[in-house]
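S.K.: structure of the sequence below:
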Amino acid sequence: MIRLEPPLRIATEADARPLADLVNFAGEGLPLYIWEGLVKDGQDPWEVGRARQIEKARDGQIVVVDFGDGAVASLTGYPIGSQPEPIGDDFPALFRPLQELENKALESWYVNVLACYPEYRGQGLGSRLLSLAEEIAGEAALRRMSVIVANNNAGARRLYERHGYAEAATLPCVKEGWETDTERWMLLIKSLHPVEGR
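M.R.: Prediction:
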């Protein structure tokens, strides 16, 4: 396990509120749209989102930046295996292009969420978390990184391109009632230099 130095730490259940905010920033509002579809009996969709983030935090899957007043940025990711995920006829149309793109990034470490509160942007936190992601990938003996971004998220694209990511594939965004300016999803990939002895 990579050793985390402050202000980096593993997220806890107490971070549920900022984690839901951050995942919604990273997902261009798509997470909130999904949570709205999962509410029961007048439940607040943000409650659904916070509960989902608590589950991930319990599993130790999320790293946050915390300067002492709570999480202000977060990183969630996972290794993609060597076999593509099957996409059957019943696979939700909204997620189909995302899964199809992920299936083109086999044997990579996938950056699922990298987000920062707007007032903390421009301080290098995204770069710091991306470097950590690459360390984690290296420890897992993975040779490349991957991420999917919205075509209209110029800030995210600039960050990843600055770090050596390049467009590998693109697919149209399926909206299904989700109100968004996103027209296409873009898969960006970065090759990592193999570690000596691996």
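S.K.: so which strand or helix has the closest residue to residue 168 other than its chain neighbours?
M.R.: Once flanking residues are discounted, residue 168 sits nearest to residue 189: 4.3 Å by CB to CB, 6 or more residues apart in numbering. Quick note: C-beta positions are derived from backbone N, CA and C, even for glycine. Per DSSP states H and E, residue 189 falls inside strand 184-191.
S.K.: that strand pairs with which strands?
M.R.: Under the criterion DSSP bridges, strand 184-191 sits next to strand 144-150 (antiparallel), strand 166-172 (antiparallel) in its sheet.
S.K.: distance from it to the middle of the chain?
M.R.: Averaging C-alpha positions (CA atoms, centre = their mean, to the nearest Å) puts strand 184-191 12 Å from its chain's average.
S.K.: and for it, what's in contact with it?
M.R.: 97-98, 101-102, 104-105, 108, 143-151, 157, 160-161, 163-173 (CB atoms under 8 Å, 6 or more residues apart in numbering).
S.K.: repeat that with 7 Å
M.R.: 97-98, 101, 104-105, 108, 143-151, 160, 163-173 (CB atoms under 7 Å, 6 or more residues apart in numbering).
S.K.: list the buried ones in that strand?
M.R.: 185-190 (16 or more other CB atoms under 10 Å).
S.K.: burial count for residue 112?
M.R.: 19 (other CB atoms under 10 Å).
S.K.: identify the residues contacting it.
M.R.: Counted by CB under 7 Å, 6+ apart, residue 112 has contacts 76-78.
S.K.: same check on residue 172?
M.R.: So residue 172 contacts 97, 183-184 (CB under 7 Å, 6+ apart).
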